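>>> Compute the structure for the input listed below.
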Amino acid sequence: MARAVLSESSLEVKQDNQNIEGLEIDATDLGTKELNDQLRDLMLSGAKKVSIRNVCGQRYIGTRLYTPEHLEMEIEIFGTPGNDLAAFLYGHKITVHGNAQDGVGNTMDAGKVVVEGRAGDVLGFSMRGGEIYVRDNCGYRTALHMKEYEGKRPVLVVGGRSQDFLGEYMAGGIVIVLDLQDLAHEANFIGTGMHGGVIYLRGSVKQSQVGGQVDISPIDEFNREVLDQYVSRFLERFPEIGKSKEEILRSQFVRLTPKSKRPYGNLYAY
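As a prediction, the model looks like this:
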């Protein structure tokens, strides 16, 4: 297996083949900048897959990996990454074998993020492309200001539940919250200020739980096709869930959509 080693002067890549595969970084004594510097150097050296072990709070992992040539790399993280994992991500795939802190996918543009645990607050903040899959729960203000951009439509699928302010000021994209443990949605202020996109909740919510700008409606056949597509992708990433797609899709779902594209127009326009 190839292994990345940081020397005093430069990053040396020792490899057993020419494809630069199977690289590992030990993040035990690395700060945020050092770790991200190593990742970028490896990508520019041609690395296609890198595993990072002993991650403990380092931030912005995956943030500085954009190139004009649109190079792509797969990153596996063992441990708990810090805030803003995959911020501004463009085309890479990141898998977290554990939990993630706040701000996963901040302004993410393209690529995929898989979290084999829970995610913190502001998951998918201003996300404008790509897909995020979280096996368990997520925190407050998930999908805050999620938007669609130049034909891109971001997708966020959560296997557990969300806390308050899900979809706050949401302007575009698809959010699916599955509540696979059937604990019932307890979040409040869902969709406050929402003016675009759609939220699908497995189960039901009361009108008192959503913002005044939001319509609650049953799903139709088109919505079932959307759910079929992304629930399938969710289960491919988390086979340990132990539920079939058919079982999940037989459940009740509700659709949350905005009543207006300009919910506060009367406040700021004359």
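>>> Which parts of the stretch 101-250 of the chain are strands?
Applying DSSP state E, counting those that start in this stretch to the stretch 101-250 of the chain gives strands spanning 110-115, 131-134, 155-158, 171-177, 196-202, 214-218.
>>> Make JSON lines from those strands and add mean pLDDT and distance to Tyr66 to it.
Where you see a C-beta, it was placed from the backbone N, CA and C, and this is true even at glycine. Listed next are the strands of the stretch 101-250 of the chain as JSON lines, based on pLDDT from 0 to 100; distance: least, CB to CB, whole Å:
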{"stretch": "strand 110-115", "mean pLDDT": "98", "distance to Tyr66": "10"}
{"stretch": "strand 131-134", "mean pLDDT": "98", "distance to Tyr66": "18"}
{"stretch": "strand 155-158", "mean pLDDT": "98", "distance to Tyr66": "20"}
{"stretch": "strand 171-177", "mean pLDDT": "98", "distance to Tyr66": "21"}
{"stretch": "strand 196-202", "mean pLDDT": "98", "distance to Tyr66": "25"}
{"stretch": "strand 214-218", "mean pLDDT": "97", "distance to Tyr66": "35"}
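>>> so can I have a markdown table of those showing mean neighbour count and distance to Ile248?
Written out in a markdown table, the entries for those read as follows (neighbours: other CB atoms under 10 Å; distance: least, CB to CB, whole Å):
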| stretch | mean neighbour count | distance to Ile248 |
| --- | --- | --- |
| strand 110-115 | 23 | 18 |
| strand 131-134 | 27 | 14 |
| strand 155-158 | 26 | 11 |
| strand 171-177 | 23 | 10 |
| strand 196-202 | 22 | 7 |
| strand 214-218 | 15 | 16 |
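>>> any chance of those in TSV, plus distance to Val96?
Conversion of the strands of the stretch 101-250 of the chain to TSV gives the following (distance: least, CB to CB, whole Å):
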stretch	distance to Val96
strand 110-115	5
strand 131-134	9
strand 155-158	14
strand 171-177	19
strand 196-202	23
strand 214-218	31
